[in-house]
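Student: everything below, folded, please.
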Amino acid sequence: MPPDKPQHRILPALRRWANWTLLALALIFCALAAWIRVRFGEVRFDQIVANLPIGAGKGIGNNSLAVEVAVWCLGLPVVVVVLLALGTRRFRSRLGAKRRAKLIPAVSLAVGFTVLLSVAGVPEFAIAQLSETSIAAHYVEPAVTSVPAKPRNLVTIYLESGENTYGDAALMGENLLADLDAATGDGWVTYEGLSQYQGGGWTMAGVVSTQCGIPLKSELASGSVDLNRLGEEIDYYLPGATCLGDVLAGQGYRSVFVGGADDDFAGKGVYLADHGYTEVLGLEHWKGTDSSDFISEEWGLADSHTLKHAADVLDELHAGGQPFNLTVLTLDTHEPAGVYPDCEAEHEVPMASAITCSMKAVAGLLEHAEQAGYLDDTVVMVMGDHLKGTGDQDAFRDVLSAAEKRTVVFRVWSPDGMQLTRESADQLSVLPTTLELLGFGLDAGRAGIGVSFVGSHSIAGTALELSEDAYRELLIAPSTGIYQRFWSAGR
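Tutor: As a prediction, the model looks like this:
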């Protein structure tokens with residue numbers, strides 16, 4: 001019998017390894033889907049795209065997450081398939097015919113990919129793309145119509161995953177916001193009606209919605225990305241949008257950001273630099289300082305030290321005589337919980353300790369501002385950037401999921417006093433509210449797609465007049481035309 005021709009041996013081998021490769025990809029897709037669900041719970045496609053390390057979203061922010069993805073979502077599935085391949089000489093189903101067995105790799109890949117797309121929110125995103133509605137019909141570019149005789153300074157503290165549920169002792173076992181409550185007592189307004197906007201749920205979405213008055217939609221998802229520049233360092237972030245920092249820069253304000261995390265994470269540093277902030281003090285700035293021992297591998301500098309640095313920056317800004325805008329972002333309460341050596345709280349759940357110690361640090365900054373007399377000419381806002389995630393491994397998952405109504409923290413101090421006039425609002429109305437608190441006039445109290453809830457402003461003819469379902473559709477719709485302008489103009 002003549003020996004087999006080479007192709008008779010090569011082609012079957014290639015087919016077998018192609019089958020194993022398809023199975024490996026199927027397992028990788030399923031592992032990624034499981035990891036996303038466990039780590040982050042329900043997510044949106046825009047959220048995933050906006051946090052990819054491409055374009056302005058460079059930097060993953062947490063090295064431990066990268067290791068988890070590499071080990072559990074890539075390494076483990078590959079190892080499993082290699083061991084299976086080495087343990088058998090042929091790809092054959094013991095329970096079915098050979099022809100049926102040949103379909104298993106392709107079917108497995110299709111199932112795995114479908115599961116991943118579902119968990120990543122792609123079906124909802126794809127359906128939303130069919131909508132012809134757009135925020136363009138409701139958008140008002142932020143523009144002041146009058147200015148105060150004496151500008152007020154602004155301090156904004158974003159609480160990572162800060163929500164009012166933490167203060168419900170009946171649900172949480174104790175009031176984890178007790179220190180914040182004590183520091184925001186007399187003269188402060190505590191507003192429990194601020195909701196996370198539909199489609200939000202991560203830090204940059206919270207920052208953009210409250211500072212620009214628009215839902216955050218990534219450049220890639222809006223269809224305006226230059227595919228030739230994917231992977232390159234991008235020096236713009238919504239350059240065509242007018243945000244709080246832009247308005248304040250036009251009024252002579254000096255804007256400074258203080259945070260403990262990596263500036264590059266999700267494009268935060270690019271956004272700030274592109275929208276009026278002249279100084280961004282993040283993780284890289286604190287390395288090599290006397291705070292180095294309080295930097296975690298997960299996210300960055302402990303809130304206890306970040307807020308102390310913020311107090312020093314506040315002293316410098318107030319002494320400068322120029323109106324200023326100081327923005328601070330905490331991080332201890334991001335999963336996994338950051339519990340540092342100087343955190344004296346000893347709760348059974350680490351996240352409870354992280355919340356308690358973070359609130360104590362925030363209270364320390366507020367008390368410093370009060371004792372120094374800064375509250376006489378400064379508006380202070382303390383707000384959550386978004387609701388806490390409820391991934392399968394996240395702290396308080398069951399408690400928070402069962403909570404009847406969850407809203408983000410919103411505490412305000414104004415030297416002039418104030419009254420918040422709407423019982424409820426979402427993050428998209430914070431921008432006009434902030435500008436009016438600072439004494440700037442706005443036409444009908446509007447900026448972005450929001451309406452100020454300081455003073456009495458009619459919502460007639462605005463997006464807020466829409467029904468709940470129509471408003472939800474508006475926020476998740478692609479609004480492609482206006483977002484292409486936001487991402488493309490001026491770059």
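Student: the top helix by length along the chain: which residues count as buried?
Tutor: The helix spanning the most residues in the chain, taking DSSP state H as the definition, is helix 6-40. For helix 6-40, burial by neighbour count (16 or more other C-beta atoms under 10 Å) applies to 16, 19-20, 22-37, 39-40. All C-beta spots, glycine's among them, are computed from the backbone N, C-alpha and C.
Student: equivalent analysis for stretch 306-325, please.
Tutor: Quick answer for stretch 306-325 (16+ other C-beta under 10 Å): 306-311, 313-314, 317-318, 323-325.
Student: wait, isn't Met172 in contact with Ala352?
Tutor: Yes. In this structure, Met172 is within contact of Ala352 by C-beta atoms under 8 Å, at 7.4 Å.
Student: who has more neighbours out of the two?
Tutor: A direct count of neighbours by other C-beta atoms under 10 Å for Met172 and Ala352 places Ala352 higher, at 22 against 19.
Student: where does Ser424 land on pLDDT?
Tutor: Ser424 carries a pLDDT value of 95.
Student: residue contacts, it?
Tutor: Contact analysis of Ser424 by C-beta atoms under 8 Å, 6 or more residues apart in numbering lists Gly193, Leu194, Ser195.
Student: give me the phi and psi for the last one.
Tutor: Torsion angles at Ser195 (phi, psi; degrees, to the nearest 10) stand at phi -110, psi 160.
Student: verify the stated contact: it with Ala425.
Tutor: Yes. With contact defined as C-beta under 8 Å, Ser195 reaches Ala425; the gap is 7.4 Å.
Student: neighbour-wise, which of these two wins?
Tutor: Neighbour count, other C-beta under 10 Å: between Ser195 and Ala425, Ala425 has more, with 23 against 17.
Student: domains in this structure, by residue range?
Tutor: The chain breaks down by automatic domain parsing into domains covering 6-128, 139-488.
Student: which of the ones you listed has the lowest average pLDDT?
Tutor: Minimum mean pLDDT among the domains of the chain: domain 6-128, a mean of 71.
Student: excluding its backbone neighbours, what's nearest Val408?
Tutor: Gly384 (3.5 Å; C-beta to C-beta, 6 or more residues apart in numbering).
Student: you'd agree that neighbour is up against Arg411?
Tutor: No. In this structure, Gly384 is not within contact of Arg411 by C-beta under 8 Å, at 10.1 Å.
Student: tell me where the stretch 201-350 of the chain has strands.
Tutor: Secondary structure of the stretch 201-350 of the chain (DSSP state E, counting those that start in this stretch): strands located at 254-259, 277-281, 324-329.
Student: mind putting those strands in a markdown table, distance to Ser488 included?
Tutor: Below are the strands of the stretch 201-350 of the chain laid out as a markdown table (distance: least, C-beta to C-beta, whole Å):
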| stretch | distance to Ser488 |
| --- | --- |
| strand 254-259 | 24 |
| strand 277-281 | 21 |
| strand 324-329 | 26 |
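Student: which residues does the nearest residue to Gly213 once chain neighbours are set aside bridge with?
Tutor: Leaving aside its chain neighbours, Gly213 sits nearest to Gly448 (1.5 Å; criterion: C-beta to C-beta, 6+ apart). Taking DSSP bridges as the rule, Gly448 bridges to Val140.
Student: spit out the contact partners of Gly448.
Tutor: So Gly448 contacts Tyr139, Val140, Pro142, Cys212, Gly213, Ile214, Leu428, Leu431, Pro432 (C-beta under 8 Å, 6+ apart).
Student: cool, and Leu130?
Tutor: For Leu130, the contact set (C-beta under 8 Å, 6+ apart) is empty.
Student: pLDDT value on it, please?
Tutor: pLDDT, Leu130: 71.
Student: could you check how far the stretch of helix or strand Ile157 belongs to is from the centre of its chain?
Tutor: In this structure, Ile157 sits in strand 153-159 according to DSSP states H and E. Here strand 153-159 is found 17 Å from its chain centre; the criterion is C-alpha atoms, centre = their mean, to the nearest Å.
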